[in-house]
Structures are given as C-alpha cells and as structure tokens.
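*Asks:* got a predicted structure plus its sequence, pasted below:
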Amino acid sequence: MLQTKYNFLNAEWLWILIVAVVTTLLGEIKLLPFSSTENFRFALGSIVFLLFLLVRPVKSVILVGVLTGIVTILFRMGLELINHGFSSEVLINNYPAFFYYVVFACAFQFFNLRMYSNQPLLLGVFASIIEFISNSAEHVLRFLLIPDISLSFFDFVLVACVAIFRSFFVIGIYSTVILSEQRKHLQEQLTMGSDLYVEALYLQKSMNHIEQIMAESYELYRELKKNENRKLGLKALHIAQEIHEVKKDSQRIFSSISEMTMHKTEEYYSLSDVMNLVQVANEKYGAMLGRNIMFHVEQSVDFYTNQHIPLLAILNNIVANGIEALEGQGTIDLKVFEKNDNVYFIIQDDGKGIPPEDLDIIFEPGFTTKYNEQGVAATGIGLSHVQEVIQTLNGHIKVELPEKGTIFIVDIPMQMILQKGEK
C-alpha cells in the first residue's frame, strides 16, 4: 500500500516537472505584441500549459503553476545572462512571467475548469477569462515594475482577442482528443453490453429448464416415496436439492449480468449511432481476421431508442457471421428502412452462402458451418441467440439466398423500439 502511494507521488512529481520544463521550453516560441518590451510575449508555452492541466488532473494546480513559474524565470534569466551578461534588471524583467503562471493556476483552480470538460463552449469561455486575467495581471505588473512600459486600452483589447483565440484553439484540440477517446470507450462498453445481454437471455432460458428439471425431480421423489422406495426417493430428493442450488447460483449470475446491462437501457441513442457502432466494431473484427471488408450502409429512418443493446446484439452477430463467411475480401451491405410500422434491417454479404438444404435448421442451437484449423466445429449458438433476441422484441427474421452470399431480413415493430425509447 505504502509502495503504491510512493509510486503515485513519484509519478505526480514527474508529471509536474515535465509540465514545467516543456512549458518553459515552448515558451521560447513566441510572438511579441508590444514594441515597448521583449519580455511580454504570447508564446506556445501557455497553450501547452493549459492543455497539460486539462489532460491530466493533479492534486494541486497551484503547485504546478508555482513550479512552472520558477523554472520559467530561472531559464529566461539564464538565457539573458548568457546573451547579455549580468544586469540589475534581469529579475525585474522576468519576474512577471512567474506571476502569470501563478495567477493562471489559481484562476484555473478557482473556476474548477475540469468540471466543464464535457461542455466545450463553457470550457472555452472560462479558459478565455482565465487567460485574459493572467495576461492582464502580467502586463500590469510589468507596467508597475518597468518605467518604460506603456499601458493603454488597446493593450487589453489585444490581450482579450488573443486569449479568446488561444483558449478556444486549445479547447478544440482537447475536445477532439477527449471525444475520440470517449467514443472508443463507449463502443467497447456497448459491444460488451450487447454480448452480455445475449448471454443473459440464454442464461434465463437455461434457468427455465433448470426449474422444470427441479420440479420433475421433486415429483419423482414424491412418487417414489408414495411407493415406499425410500432409497431411490432420497436420491431423487438429493438431485432436486442440488439442482435447486444450481438454480440459485444461476439466479445470482443472471442478476449481476442484468444489472450490468439493464442500466444501459436508461441511455438513449439514435439508430444512426447504433449503425455506426456496428460498422466500426465489425471493421475492426474483419481486420482482426485478416479480411478486407467494404461496408455500404443505407439508412432512411432514424430515431432515438434505449433498445440499442438488443439491436447491437442482433446486428453484430449477423454481420460477424457474414464476415466469417467471406474469403479474403468482400462486401457487407446494411440497409435500414421503415415499412408498414415495422423497422427493417437488411444485412447482405457476398460470401460463400448457406446450403439451401440447411435453411430450415440454421437457427437451431448447435448448427454451424464454421470449423477451426483443427477441424473442431464452432458452438453454433450465434444465430439461435439472434432469434431469441428478435423474439423478445416481437420481431421476425428470415433468410434469402441470392446467387452469391446470404441476405438476412429482420423486421421489428416500430412501437417495440419507440415505445421503450421515446422520451
């Protein structure tokens, strides 16, 4: 425990040192807005400083500002001593830069800027205010310390314009990176959620079978007891009790899985987002299998729903089957449209297809046409799962066999999605 805390503190101090050093070095890439001084600058360092504070939280932002300010003035004083020799004004000329980073850090902590990470507009506004306050404070301090520095209304207008431009530039970069990471994380969560949803349905079906077997075992015990076959009766009772324990374990597992998946149904996603997630996830799956897949998505209906988990379970399974049926490269076509109050999902691939004689049994658990390199068959429960999920939504699925490949047609009543997804 102590070692973990020590490593965390080491990592924290290393990050603070990196922020201070990188900010100081990039601070030398600069623009000098005022001809009256070469020490007040709009530099790349302050841009990176804000980005660093947003990217990784630290325990004390003020400490980061103080250390960055110290490193900055020491570095600039060192450069000035090397280039121009010792001067009594060397500290006065560079001290306001220290003041800038301290004021910036204090304002950052006061406004609690990280609280607006998911609100780019507000984040940009507050960042602009902080930038304006910090630059203005530095400029006023230079005016007070250095006799030749002038101060005018135009100076503050220029500082405000640069503060807005620079802050929103940083927020734009930050938001792009964060949104990309959030979308990636969301995709992983939803993919896992859809898989768990399918497993929960299968587990629920198994629990019904367990309940039936337990009831039959107990009925057998009663019959044997009635016939005074005590030994076999006790054995049947023991079997019923063991099955009951299995049922309770299954219920606990089902409860946990349901809790993990059902809370996601409180969230709302547009159908176009669902289709995009299906495409992105299966592009990665195709790449993992070494297949070059072209996706064509055609969608003429869109709405918000919280039934994204079962929809992902359905579509991901069918599309994955299509990808596995392709050899080397191929095409997956996805079409979504509304007809007669139903939403239709058409999934077509140009793979090797399904033998016509197997059409009647492809949704049976255990049916498969896939074998690994050792000749071992796959479980064959994918399409049976798909059918189970579709049936929970009162939908239907059918298969058509064109000259090449396979077409899956799924239709689900619009009300089954809108009724649960409408706000």
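*Replies:* Done, it's in.
*Asks:* how about the helices in the chain?
*Replies:* With DSSP state H as the criterion, the chain has helices at 2-26, 44-55, 61-84, 90-111, 120-145, 153-226, 230-262, 271-288, 308-325, 382-392, 414-421.
*Asks:* nearest to residue 301, out of those?
*Replies:* Comparison of the helices of the chain against residue 301 by Cβ to Cβ identifies helix 271-288 as nearest, at 6.9 Å. C-beta here means a position set from N, CA and C on the backbone, and glycine is covered the same way.
*Asks:* please name every helix or strand in contact with that closest one.
*Replies:* Secondary-structure packing of helix 271-288 (3 or more Cβ pairs under 8 Å, 6 or more residues apart in numbering; DSSP states H and E): helix 153-226, strand 292-299, strand 304-305, helix 308-325, strand 329-339.
*Asks:* which one of those lies nearest to residue 345?
*Replies:* strand 329-339 (5.7 Å).
*Asks:* related to what we said a few turns ago, just name the most buried of the helices of the chain.
*Replies:* Highest mean neighbour count of the helices of the chain: helix 308-325, a mean of 23 (counted as mean count of other Cβ atoms under 10 Å).
*Asks:* for it, list the C-alpha coordinates in CSV.
*Replies:* Extracted C-alpha coordinates of helix 308-325, given in CSV (Å, rounded to 0.1, in the frame of the first residue of the first chain):
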residue,chain,number,x,y,z
HIS,A,308,-29.5,-0.2,-28.5
ILE,A,309,-28.2,-3.2,-26.6
PRO,A,310,-30.5,-5.8,-28.1
LEU,A,311,-30.2,-4.1,-31.5
LEU,A,312,-26.4,-4.3,-31.3
ALA,A,313,-26.6,-8.0,-30.2
ILE,A,314,-28.7,-8.8,-33.3
LEU,A,315,-26.8,-6.8,-35.9
ASN,A,316,-23.3,-7.6,-34.6
ASN,A,317,-24.0,-11.3,-34.6
ILE,A,318,-25.4,-11.4,-38.1
VAL,A,319,-22.7,-9.1,-39.5
ALA,A,320,-19.9,-11.1,-37.8
ASN,A,321,-21.3,-14.3,-39.4
GLY,A,322,-21.2,-12.5,-42.8
ILE,A,323,-17.6,-11.5,-42.3
GLU,A,324,-16.6,-15.0,-41.3
ALA,A,325,-18.3,-16.3,-44.5
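*Asks:* kindly calculate the angle that that helix makes with helix 230-262.
*Replies:* Going by axes from the mean of the first three to the mean of the last three Cα atoms, to 10 degrees, helix 308-325 is angled at 100 degrees with respect to helix 230-262.
*Asks:* quick check: angle from helix 308-325 to strand 292-299?
*Replies:* 140 degrees.
*Asks:* what average pLDDT does helix 308-325 get?
*Replies:* The average pLDDT for helix 308-325 rounds to 88.
*Asks:* packing partners for it?
*Replies:* helix 153-226, helix 271-288, strand 329-339, strand 342-349, helix 382-392, strand 406-413.
*Asks:* try 6 Å this time
*Replies:* Packing partners of helix 308-325 (3 or more Cβ pairs under 6 Å, 6 or more residues apart in numbering; DSSP states H and E): helix 153-226, helix 271-288, strand 342-349, helix 382-392.
*Asks:* now render those as CSV, adding mean pLDDT.
*Replies:* Formatted as CSV, the helices and strands packed on helix 308-325 follow (pLDDT from 0 to 100):
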stretch, mean pLDDT
helix 153-226, 78
helix 271-288, 87
strand 342-349, 96
helix 382-392, 85
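*Asks:* turn these into a markdown table, including distance to residue 26.
*Replies:* Output for these, formatted as a markdown table (distance: least, Cβ to Cβ, whole Å):
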| stretch | distance to residue 26 |
| --- | --- |
| helix 153-226 | 13 |
| helix 271-288 | 35 |
| strand 342-349 | 50 |
| helix 382-392 | 53 |
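*Asks:* mind checking these for the one nearest to residue 128?
*Replies:* That would be helix 153-226 among the helices and strands packed on helix 308-325, by Cβ to Cβ, at 4.2 Å.
*Asks:* ok, residue 97 to residue 162 distance?
*Replies:* 16 Å (Cβ to Cβ, to the nearest Å).
*Asks:* I'd say residue 164 and residue 127 touch.
*Replies:* No - if you go by Cβ atoms under 6 Å, residue 164 and residue 127 don't touch, sitting 9.2 Å apart.
*Asks:* who touches both of these two?
*Replies:* Common neighbours of residue 164 and residue 127 are not found (criterion: Cβ atoms under 6 Å, 6 or more residues apart in numbering).
*Asks:* outline the domain layout of this protein.
*Replies:* Domain segmentation of the chain under automatic domain parsing yields 2-151, 192-266, 269-421.
*Asks:* as a markdown table, the helices and strands packed on helix 271-288 with distance to residue 405 would be great.
*Replies:* Below are the helices and strands packed on helix 271-288 laid out as a markdown table (distance: least, Cβ to Cβ, whole Å):
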| stretch | distance to residue 405 |
| --- | --- |
| helix 153-226 | 24 |
| strand 292-299 | 13 |
| strand 304-305 | 29 |
| helix 308-325 | 7 |
| strand 329-339 | 8 |
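*Asks:* mind checking which of these is nearest residue 406?
*Replies:* Of these, nearest to residue 406 by Cβ to Cβ is helix 308-325, at 6.9 Å.
*Asks:* and that closest one, how far from the chain's centre?
*Replies:* 20 Å (Cα atoms, centre = their mean, to the nearest Å).
*Asks:* do stretch 48-60 as well
*Replies:* 21 Å.
*Asks:* going forward, the N-terminal residue is numbered 17.
*Replies:* Happy to do that; since the first residue is 17 now, the last one works out to stretch 64-76.
*Asks:* hmm, who's touching it?
*Replies:* Contacting residues not belonging to stretch 64-76 are listed as 35, 39, 42, 80, 124, 186, 190 [Cβ under 6 Å, 6+ apart].
*Asks:* do that again at 8 Å, thanks
*Replies:* Defining contact as Cβ atoms under 8 Å, 6 or more residues apart in numbering, one finds that stretch 64-76 is touched by 28, 31-32, 35, 38-39, 42, 77, 80, 84, 117, 120-121, 124, 129-130, 133, 143, 147, 183, 186, 189-190, 193.
*Asks:* out of the helices of the chain, the one nearest residue 348 is which?
*Replies:* Of all the helices of the chain, helix 324-341 comes closest under Cβ to Cβ, at 5.4 Å.
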